[in-house]
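[1] The amino acid sequence is not available; the structure is as follows:
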């Protein structure tokens, strides 16, 4: 699967990249803002987007909504810090398939990715 990583923190992107690549996933691009995420989604058509919820400029939930408008079948996994449960619920209502909590645990990340690999369940 081809994955677009979106997080404003380079360290978080690097940690997630390491986990995903060790699980056999291909990271095709990284973005630090919601605007960059939407632009890269349009250009590259990744299989999955991992999207941080809180970012400067366009946040993750707004970018999620834009991506789902462009491609209702888009697979987006939200990335959230503990304590952002309200944002996670909003993201799930907006069409996210799943979420990953920071700090990352490799088994948790890979389990979520396996879950979203299957055929879309919303079509």
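    Structure's in. What do you need? Note that the structure is a prediction, hence the values are computed from the model and not measured. Residues are numbered from 1 along each chain as shown.
[2] And the residue nearest the centre of the chain?
    Centroid-nearest residue in the chain: residue 50, 1.5 Å away (criterion: Cα atoms, centre = their mean).
[3] Would you double-check that it falls in a helix?
    No: judged by DSSP: H, G, I helix; E, B strand; the rest coil, residue 50 forms no part of a helix; its state is strand.
[4] so it sits right up against residue 2, yeah?
    No: applying Cβ atoms under 8 Å, one finds residue 50 not in contact with residue 2, separated by 11.9 Å. C-beta: built from backbone N, CA, C; applies to glycine.
[5] residue ranges of the helices in this protein, please?
    10-22, 34-44, 60-70, 85-93, 106-117 (DSSP state H).
[6] Mind putting the ones you listed into JSON lines with distance to residue 28 and mean neighbour count?
    Converted to JSON lines, the helices of the chain look like this (distance: least, Cβ to Cβ, whole Å; neighbours: other Cβ atoms under 10 Å):
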{"stretch": "helix 10-22", "distance to residue 28": "11", "mean neighbour count": "16"}
{"stretch": "helix 34-44", "distance to residue 28": "6", "mean neighbour count": "18"}
{"stretch": "helix 60-70", "distance to residue 28": "15", "mean neighbour count": "20"}
{"stretch": "helix 85-93", "distance to residue 28": "22", "mean neighbour count": "15"}
{"stretch": "helix 106-117", "distance to residue 28": "14", "mean neighbour count": "15"}
